[in-house]
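S.K.: I would like the atomic coordinates for the input below:
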Amino acid sequence: MTQATKPQQGIMMTAAALTHVLALKEKQGDNLCLRVGVRQGGCSGMSYLMDFETMDNIGEHDEVFDYEGFKVICDKKSMLYLYGLMLDYSDALIGGGFQFTNPNADQTCGCGKSFSA
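M.R.: So this is what the prediction gives:
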């Protein structure tokens, strides 16, 4: 895992994850932020959500994290399960993609995309 871009409380991103997210954002358009959350489902009970949305969708109950002007947002309910999450990215042929390191996860599935707390 690479070093986080800067110390944050809540959701942290490595430089590799931020670089990849910003490249994806360029293809989607301007005025976008990244929403991170959880939902029921997946092979371990809860699965991670990650998607771009417009800045005007940031609600008063969202936590907002700033990475060099790029916003990562998370609703407070999901934040209960994601506090301390480290989001990383790898371009390896096997096992590549976004990787979630969640200190709140008691159990994680083999693919790393779902967990139980």
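
S.K.: which residue ranges form the strands in the protein?
M.R.: Under the criterion DSSP state E, strands of the chain are mapped to 11-13, 32-40, 46-54, 62-67, 70-75, 85-90, 97-101, 107-108, 114-116.

S.K.: avg pLDDT for the second one?
M.R.: Going back to what we said before, that points to strand 32-40. The average pLDDT within strand 32-40 is 92.

S.K.: what do you get for the fourth one?
M.R.: Predicted confidence along strand 62-67 averages 92 (mean pLDDT).

S.K.: Packing partners of that strand?
M.R.: When contacts are defined as 3 or more C-beta pairs under 8 Å, 6 or more residues apart in numbering; DSSP states H and E, strand 62-67 sits against strand 11-13, strand 70-75, helix 76-82. C-beta coordinates here come from the backbone N, C-alpha and C atoms, glycine included.

S.K.: on that earlier part again, and residue 19, which of the strands of the chain is closest to it?
M.R.: strand 85-90 (7.6 Å; C-beta to C-beta).

S.K.: For that closest one, C-alpha coordinates in CSV please.
M.R.: Written as CSV, here are the backbone C-alpha positions of strand 85-90 (Å, rounded to 0.1, in the frame of the first residue of the first chain):
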residue,chain,number,x,y,z
LEU,A,85,-11.0,3.4,5.8
MET,A,86,-7.9,3.5,3.5
LEU,A,87,-8.7,3.5,-0.2
ASP,A,88,-5.9,2.3,-2.4
TYR,A,89,-5.5,1.5,-6.1
SER,A,90,-3.3,-1.0,-7.9
